[in-house]
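Asker: Build me a structure from this.
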Amino acid sequence: MIRRPALLAAAAFTAAAALSLSACGGGDGDGGSKDSEKIAGADSGTQRDKSPSPKASEDGINRPEIKLPKDVKNVFEGGKTGDPKKDAILADNERWLDALIEATVVDSGDHPALKFYGSGEALLSAADYIQGFRKKNMSFVGTIRYYDREVTFLKEGVAAVTYCKDGTKTYPKDLKTGKVDRSIEGSASDYAFVNTRVQKNDKGVWQTDSITSITGSKKCVS
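Answerer: Next comes the predicted model:
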């Protein structure tokens with residue numbers, strides 16, 4: 001039985017996970033898949049025929065729209081840091097996480113935001129994570145909380161973003177029946193400490209390009 005949408009595990013990065021990201025679904029990351037065909041199945045209430053066109057944001061960057069279903073939420077704790085550069089990095093990290101969850105729970109022909117905010121190993125890990133749900137014909141509903149978020153500058157155009165992740169308020173959904181299992185109780189394994197590397201691309205976007213996580217980290221278990 002599938003548990004909660006546990007967290008991206010950097011140790012799972014493999015070339016076999018490089019499936020097509022143009023048709024994604026959901027998973028709890030049970031390893032890479034050699035399947036590159038279109039991933040079928042999803043809640044019909046969240047299906048979209050085509051992705052919205054990018055729209056210019058306040059910073060002048062044409063960003064693809066990200067739209068999560070009403071029964072799925074990402075909650076990011078912590079306000080602005082007072083450092084415009086750190087704030088921009090945290091904002092793009094939020095968009096990356098929203099894009100990842102959108103690609104996991106929404107059945108669509110394309111998920112442009114995933115490639116817009118991610119690159120390299122992070123995309124391989126995302127593909128593995130998403131395919132894990134699809135192989136089980138599962139999705140999830142509920143709220144994922146992100147907290148204790150920090151930015152550390154590594155060198156020009158490169159930084160680390162660390163945060164804690166709490167998935168205790170998420171519940172698996174069977175895509176065949178549409179049923180949600182809310183009987184699962186939260187545990188230490190639903191928490192993780194996540195360390196990501198972000199790099200600024202030529203569009204001015206801070207893309208996530210690698211991820212490591214420690215599931216059940218005492219640093220994050222509340």
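
Asker: Helices of this protein, start to end?
Answerer: 84-105, 112-117, 120-135 (DSSP state H).

Asker: Residue 67 is nearest to which of those helices?
Answerer: Residue 67 lies closest to helix 84-105 among those, at 6.6 Å (CB to CB). C-betas here are computed from N, CA, C, even on glycine.

Asker: average pLDDT for the closest one?
Answerer: Taken as a whole, helix 84-105 has an average pLDDT of 96.

Asker: low-confidence ranges in this protein?
Answerer: Across the chain, the ranges flagged by pLDDT under 70 are 1-58, 222.

Asker: Where do the strands of it begin and end?
Answerer: 55-56, 62-63, 72-76, 138-155, 158-174, 191-200, 206-215 (DSSP state E).

Asker: Same list (those) but as CSV, adding distance to residue 115 and mean neighbour count.
Answerer: CSV is the format used below for the strands of the chain (distance: least, CB to CB, whole Å; neighbours: other CB atoms under 10 Å):
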stretch, distance to residue 115, mean neighbour count
strand 55-56, 17, 10
strand 62-63, 12, 14
strand 72-76, 19, 17
strand 138-155, 21, 17
strand 158-174, 19, 20
strand 191-200, 14, 21
strand 206-215, 9, 20
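
Asker: Next, format those strands as JSON lines and append distance to residue 114.
Answerer: As requested, these are exported to JSON lines (distance: least, CB to CB, whole Å):
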{"stretch": "strand 55-56", "distance to residue 114": "17"}
{"stretch": "strand 62-63", "distance to residue 114": "13"}
{"stretch": "strand 72-76", "distance to residue 114": "14"}
{"stretch": "strand 138-155", "distance to residue 114": "16"}
{"stretch": "strand 158-174", "distance to residue 114": "17"}
{"stretch": "strand 191-200", "distance to residue 114": "15"}
{"stretch": "strand 206-215", "distance to residue 114": "10"}
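
Asker: in stretch 101-114, what counts as buried?
Answerer: Judged by neighbour count (16 or more other CB atoms under 10 Å), stretch 101-114 contains these buried residues: 101-108, 110-114.

Asker: before we move on, back to that, in CSV: the helices of the chain, plus distance to residue 153.
Answerer: Shown next, in CSV, are the helices of the chain (distance: least, CB to CB, whole Å):
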stretch, distance to residue 153
helix 84-105, 8
helix 112-117, 19
helix 120-135, 19
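
Asker: just curious, which of the buried residues of stretch 101-114 is nearest to residue 164?
Answerer: When the buried residues of stretch 101-114 are compared against residue 164 (criterion: CB to CB), the nearest one is residue 101, at 16.5 Å.

Asker: any idea how far residue 91 is from that closest one?
Answerer: As judged by CB to CB, to the nearest Å, residue 101 and residue 91 stand 16 Å apart.

Asker: so residue 165 touches residue 146, yeah?
Answerer: Yes. Using CB atoms under 8 Å, residue 165 makes contact with residue 146 at a distance of 5.7 Å.

Asker: measure the nearest residue to residue 193 once chain neighbours are set aside to residue 137 for me?
Answerer: Spatial nearest neighbour of residue 193, chain neighbours left out: residue 217 (3.7 Å); criterion: CB to CB, 6 or more residues apart in numbering. Separation of residue 217 from residue 137 (CB to CB) stands at 30 Å.
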